[in-house]
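# Sequence and predicted structure are below.
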Amino acid sequence: MGNNLLRGKKGIIFGALDEKSIAWKTALKCYDEGASIVLTNAPVALRMGEINKLAEAVKAPVIGADVTNMDDLKKLFEESMKHFGGGIDFVLHSIGMSLNMRKGKHYTEMDYGFNQKTLDISAMSLHRVLRTAWDMDAINEWGSVVALTYIAAQRVFPDYNEMADAKALLESVTRSFGYHYALKKKVRVNTVSQSPTRTTAGSGVKGFDGFIDYAEKMSPLGNASSDDCANYCVTLFSDYSRMVTMQNLFHDGGFSFTGVSEPVVKQMEK
Ligand SMILES: NC(=O)c1ccc[n+]([C@@H]2O[C@H](COP(=O)([O-])OP(=O)(O)OC[C@H]3O[C@@H](n4cnc5c(N)ncnc54)[C@H](O)[C@@H]3O)[C@@H](O)[C@H]2O)c1
């Protein structure tokens, strides 16, 4: 049982693919904290059928939407507001996809057509979601929007490829739209910069096993799990973080501010 931190709140959760997904864990936590939820994912992901298990567990309808399609997004918000009988209090954007990585293209030889699609799905989609909500006045005052990101937006992690640029753009949209939405309706928009996590999207990064072990050794608290990430998102959707907006919030066990750690130095001395 949770602590009713989200009692009476209504939210849309994008990106629950399977039970490893950060969005999946977040939906469970939000439900546990008293929220009502609508689940959404791309039609191709819905065809896997896994999401129906989650929908049953959190008593949520599932509404398909390709996040690059404005008609789909409009329909999603319309149907969600109808389902809730009013506006939306929180949105989780938990979406990422790199076409160049999928096709095995190195950063230095990227296909620009693929790159455009990657930026649209992984970054501009946040603008699309916010714009749709803005046009329909769908988010309630003091509503909260969270998108997930990674520290490759600030520092070079070579195998993160074009997703580094996508995350930098995502974080910029967060600040820029966050400014306008705060003025218009006190809606806050933030990114959570999460530790590497074993999910479908995460495991798509080349050399992921070495990468996750290195991050574990470099983080004084260890890597943050997807359950911890879900808990953090709950606090950002709750009324206990009302004055936080336009921020990139590191949720990484201290990785982002550690220069080097003793376990890594010891390993180098071997
Ligand atoms: N796993 C990690 O190591 C890690 C670390 C930091 C940040 N993140 C971020 O967390 C978020 C969630 O990823 P995850 O790790 O839970 O993996 P995941 O694969 O479970 O989730 C990615 C989701 O994006 C959805 N998606 C892709 N294209 C879409 C489209 N066109 N329309 C709608 N949805 C679409 C997928 O269906 C999937 O549900 C992503 O933004 C990812 O970059 C992940």
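Looks like it came in fine. Numbering: from 1, shown residues only.

# part of a helix, is residue 12?
No - read with DSSP: H, G, I helix; E, B strand; the rest coil, residue 12 is strand and lies in no helix.

# Can you get me a residue count around it?
27 (other Cβ atoms under 10 Å). For every residue, glycine as well, the C-beta is placed using N, CA and C.

# Ok, residue 16 next?
For residue 16, the tally of surrounding residues (other Cβ under 10 Å) stands at 30.

# The one 4 residues further on too?
Each residue near residue 20 was counted by other Cβ under 10 Å, and the total is 16.

# That one: what's it in contact with?
In this structure, residue 20 makes contact with 198-200, 226, judged by Cβ atoms under 8 Å, 6 or more residues apart in numbering.

# lowest-pLDDT helix or strand in the protein?
In the chain, no helix or strand scores lower on mean pLDDT, DSSP states H and E than helix 200-203, which sits at a mean of 85.

# tell me how far that one is from the chain's mean position?
Centre-to-centre, helix 200-203 and its host chain are 13 Å apart (Cα atoms, centre = their mean, to the nearest Å).

# try stretch 6-24
For stretch 6-24, the distance to the chain centre is 10 Å (Cα atoms, centre = their mean).

# Give me the contact status of it with the ligand.
Yes - using Cβ under 6 Å from any ligand atom, we find that stretch 6-24 touches the ligand at 14-15, 17, 21-23.

# and if you look at stretch 68-88?
Yes - judged by Cβ under 6 Å from any ligand atom, stretch 68-88 comes into contact with the ligand through residue 68.

# Mind naming the longest strand for this protein?
strand 139-149 (DSSP state E).

# and that strand, anywhere near the ligand?
Yes - contact of strand 139-149 with the ligand (Cβ under 6 Å from any ligand atom) involves 148-149.

# List the strands paired with that strand, with their directions.
strand 88-93 (parallel), strand 188-194 (parallel) (DSSP bridges).

# mind listing what's buried in the next helix or strand after that strand?
Note on strand 139-149: by DSSP states H and E, the next helix or strand toward the C-terminus is helix 163-185. Of all the residues in helix 163-185, those buried under the rule 16 or more other Cβ atoms under 10 Å are 163-167, 169-174, 177-178, 181, 185.

# tell me the angle helix 163-185 makes with strand 88-93.
Going by axes from the mean of the first three to the mean of the last three Cα atoms, to 10 degrees, helix 163-185 is angled at 170 degrees with respect to strand 88-93.

# Distance check, residue 259 against residue 220.
12 Å (Cβ to Cβ, to the nearest Å).

# Let me fix that, I meant to ask about residue 24.
Separation of residue 24 from residue 220 (Cβ to Cβ) stands at 28 Å.

# Which one's more surrounded, those two?
Taking neighbours as other Cβ under 10 Å, residue 24 and residue 220 compare with residue 24 leading, 26 against 11.

# That one contacts residue 18, doesn't it?
Yes - Residue 24 is within contact range of residue 18, at 6.8 Å (criterion: Cβ atoms under 8 Å).

# returning to that earlier point: now, which of the contacts of residue 20 sits nearest residue 115?
Closest approach between the contacts of residue 20 and residue 115, by Cβ to Cβ: residue 200, at 20.9 Å.

# Generate a PyMOL selection restricted to the buried entries among the contacts of residue 20.
One line in PyMOL is enough to select the buried ones among the contacts of residue 20; burial here means 16+ other Cβ under 10 Å:
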select buried, resi 199+226
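
# Tell me the one of the contacts of residue 20 nearest residue 4?
Checking those against residue 4 by Cβ to Cβ gives residue 226 as the nearest, at 22.4 Å.

# okay but that closest one is in contact with residue 200, surely?
No - Residue 226 sits out of contact with residue 200 when judged by Cβ under 8 Å, with a separation of 11.9 Å.
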